[in-house]
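# Model the structure of this input:
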Amino acid sequence: MKKKILTTIGGTFLTAASYLMFWPVPIDAKAWHAPTSEGYAGVFEPNNALTQMQTLSMGEFHGPEDIATDGEFLYASTDEAKIIRINPVTNDIKVIADLGGEPLGIEFGNERELLVANTHLGLMSVTLDGKVTTLADEIDGEPILFVDDVDVAPNGVIYFTDASTRFSPQAVGIDGATLEVMEHGRSGRVLSYDPVTQKTALVHSSLSFPNGIAVAGDGNSILVAETGEYLVKRIWIDGPQKGESQNIIENLPGFPDNINNGPNGTFFVGLVDPRSAFLDEYSTKPWLRKLALRILKFLPSTKKSSYGLVFQMDIEGNVLQTWHDPEASFDKTSGALAFGDDRIFFTSPYGPAIGQLKFPTSTD
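The predicted model follows:
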């Protein structure tokens, strides 16, 4: 009997070991060298600025991943796949369109239409009276899997991020963002759509989950949040440096999400989550990341540690101001938008409201 029990235990152990080492997983993890995290220090020294903010209700909706403004109203993408208009004075709310899918980034185009990065369905245009048009959902006959954020250049060309060419947002029971970042295969890219020719083109490839995007004021370059590598990249799309790229701020203390244009040629960047100690420690050990993915689905769901942080920087990557929420009372800060010259609004893909502060603000 004892021998039988030992044989059973041994067989179970071998089965478990074989599963952990050899069971197929959807990622083909790649080795890379994560920079040593400096944490919330230096220009990112903690403050409590975000804890002082008030909120703007979204009514029955939630999850404002991103917002845009026409100078009078705010327009938000919501987790319910709606585009809503909010009066920031009266807090009245109106549904502009029901898109389906999962609208993320949103920006006004040059024709006063809303451009929406609908991660499941493609790049869309929404008029203020609710007409919805899909502009781009494929390139060279292949579907675009993960549209994330969008902005438009002065000449009307639209630039948007395709966060992963390997994984869709609904991939195999684990969200595509997690798979793309764990794999670190740099399959993401930046695409452009020309409304005149109605053509979609590749602008830049080999990016690790490119997320937020913003066109610089002169139209010569774009800034892209490369979430999987904790950095913001500048890519020249016109002028003598066309085709070149440069990392303008690196080794961020969290995963960068949205980038929005701010006043005087500045930009607001949201860090949606703190750095992952696991991903950093095992960046050079892809087999361990694959092993972790095998056991991930068996682990109980737990709330991840969070930390709210949005910062303002110039086009060279110099940090000008930061807004922190160490307790993450406004969880998952995805970005910010200046409204007029006296307010700044903050977004969260999981929040029930939009945050607001006076702007410029003091973080003392």
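# going forward, measure contacts between C-alpha atoms and count neighbours the same way
Will do.
# Go ahead and confirm residue 235 touches residue 248.
No. Residue 235 is not in contact with residue 248 according to CA atoms under 8 Å; the separation is 10.0 Å.
# Which of the two has more residues huddled nearby?
Higher neighbour count among residue 235 and residue 248: residue 235, with 24 against 16, using other CA atoms under 10 Å.
# Look up which residues are beta-bridged to the closest residue to residue 331 other than its chain neighbours.
Distances taken as CA to CA, 6 or more residues apart in numbering place residue 308 nearest to residue 331, at 6.2 Å, with adjacent residues excluded. Counting by DSSP bridges, residue 308 forms beta bridges with residue 325.
# same check, this time on residue 268
According to DSSP bridges, the residues that bridge with residue 268 are residue 260, residue 312.
# That one: neighbour count?
Applying other CA under 10 Å, we find 26 other residues in the vicinity of residue 268.
# now residue 240
9.
# same deal with residue 45?
Count around residue 45 with other CA under 10 Å applied: 11.
# tell me the SS of residue 47?
The three-state label given to residue 47 by DSSP: H, G, I helix; E, B strand; the rest coil is coil.
# count of neighbours near the residue lying closest to it once chain neighbours are set aside?
Take residue 47 and drop its neighbours on the chain: the residue closest to it by CA to CA, 6+ apart is residue 324, 5.4 Å away. Neighbour count of residue 324, defined by other CA under 10 Å: 24.
# Name all residues that make contact with residue 324.
46, 47, 48, 49, 50, 51, 307, 308, 309, 310 (CA atoms under 8 Å, 6 or more residues apart in numbering).
# hang on, the second one packs against residue 311?
What it means is residue 47. No. Applying CA under 8 Å as the test, residue 47 and residue 311 come out as separate, 11.7 Å apart.
# which residues do these two both contact?
By CA under 8 Å, 6+ apart, the residues touching both residue 47 and residue 311 are residue 323.
# Compare those two (neighbour count), which wins?
Ranked by neighbour count (other CA under 10 Å), residue 47 and residue 311 place residue 311 first, with 20 against 16.
# The closest residue to that one other than its chain neighbours: which element?
Leaving out its chain neighbours, the residue that sits closest to residue 311 by CA to CA, 6+ apart is residue 322, at 4.2 Å. Element membership for residue 322 (DSSP states H and E) is strand 319-325.
# go on, residue 288?
Applying DSSP H and E as the criterion places residue 288 in helix 286-296.
# mind checking how far that helix is from the chain centre?
23 Å (CA atoms, centre = their mean, to the nearest Å).
# so the residue most central in space within the chain, which of the three states?
Nearest to the mean C-alpha position of the chain, counting by CA atoms, centre = their mean, stands residue 257 at 3.4 Å. Classification of residue 257 using three-state DSSP returns strand.
# So for it, what's the pLDDT?
The confidence metric pLDDT takes the value 97 at residue 257.
# repeat for residue 298
With respect to pLDDT, residue 298 has a value of 48.
# ok, now residue 176?
Residue 176 is assigned a predicted lDDT (pLDDT) of 85.
# That one reaches residue 168, doesn't it?
Yes. Using CA under 8 Å, residue 176 is in contact with residue 168, at 5.3 Å.
# Give me the residue ranges of the stretch 201-350 of the chain where confidence is low.
296-305 (pLDDT under 70).
# Would you map the strands across it?
210-215, 221-226, 231-236, 245-249, 254-261, 267-274, 308-313, 319-325, 335-339, 343-347 (DSSP state E, counting those that start in this stretch).
# how big is the angle separating the first one from strand 254-261?
Angle, strand 210-215 to strand 254-261, by axes from the mean of the first three to the mean of the last three CA atoms, to 10 degrees: 20 degrees.
# Residues contacting stretch 261-272, please?
Against stretch 261-272 from outside (CA under 8 Å, 6+ apart): 214-217, 254-260, 307-315, 332-338, 348.
# So which bits of that stretch are buried?
For stretch 261-272, burial by neighbour count (16 or more other CA atoms under 10 Å) applies to 261, 262, 266, 267, 268, 269, 270, 271, 272.
# Pick out the most distant pair among those.
Set against one another by CA to CA, the buried residues of stretch 261-272 have their most distant pair in 266 and 272, with a gap of 19.5 Å.
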